[in-house]
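Q: Here is the input, now give the coordinates:
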Amino acid sequence: MNKIPKLMRNNALTAARKLRTNMTNSEKLLWNKLRNRGLNGLKFYRQRIFFVSYLDKLSFYIADFYCHEKCLVVEVDGKIHDLQKERDEIRDIVMHEHGLHVLRITNEEVENDIKGCLHRIAEF
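A: Sure, this is the predicted structure:
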């Protein structure tokens, strides 16, 4: 991959820090279950930055949660994602092309059935 420009790296770090500070209730709930190897001993990171090259353009994505051991990205989707389905589909395709698997879970699923969400993640 091309060298990542300093400005892009700084913008990505700033955005990730902001997201970590302002997690949604659903993200907090799930993070409390995933952190400290809380799910099957797997290490998860929150607000993980991925720099990707797609169509000869360098950009970045920030995943809600990421497990390196399983190359698994877990996205917790709120209502805003209803308005950006095409953008999310492209993002998922790009991540898949970079060897990552994406699992999308809604806020409602996390809040109403956290055990079911953890089971889905573990099965994935």
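
Q: so where do the strands sit in the protein?
A: Secondary structure of the chain (DSSP state E): strands at 45-54, 57-67, 72-77, 101-106.

Q: where's the nearest residue to residue 59 once chain neighbours are set aside relative to residue 61, distance?
A: Of all residues not flanking residue 59 in the chain, residue 52 sits nearest, at 6.2 Å (C-beta to C-beta, 6 or more residues apart in numbering). (Each C-beta comes from the backbone N, C-alpha and C, glycine too.) Residue 52 is 6 Å from residue 61, where distance means C-beta to C-beta, to the nearest Å.

Q: For those two, indicate the residue with more neighbours.
A: Taking neighbours as other C-beta atoms under 10 Å, residue 52 and residue 61 compare with residue 61 leading, 19 against 16.

Q: can you pull up the bridge partners for the spatially most central residue of the chain?
A: In the chain, the residue lying closest to the centroid (C-alpha atoms, centre = their mean) is residue 63, at 2.3 Å. Going by DSSP bridges, residue 63 is paired in beta bridges with residue 48.

Q: For the lowest-mean-pLDDT helix or strand in the chain, enumerate the helices and strands it packs against.
A: Least confident helix or strand of the chain, by mean pLDDT, DSSP states H and E, is helix 85-97 with a mean of 86. In terms of contacts (3 or more C-beta pairs under 8 Å, 6 or more residues apart in numbering; DSSP states H and E), helix 85-97 is packed against strand 45-54, strand 57-67, strand 72-77, strand 101-106.
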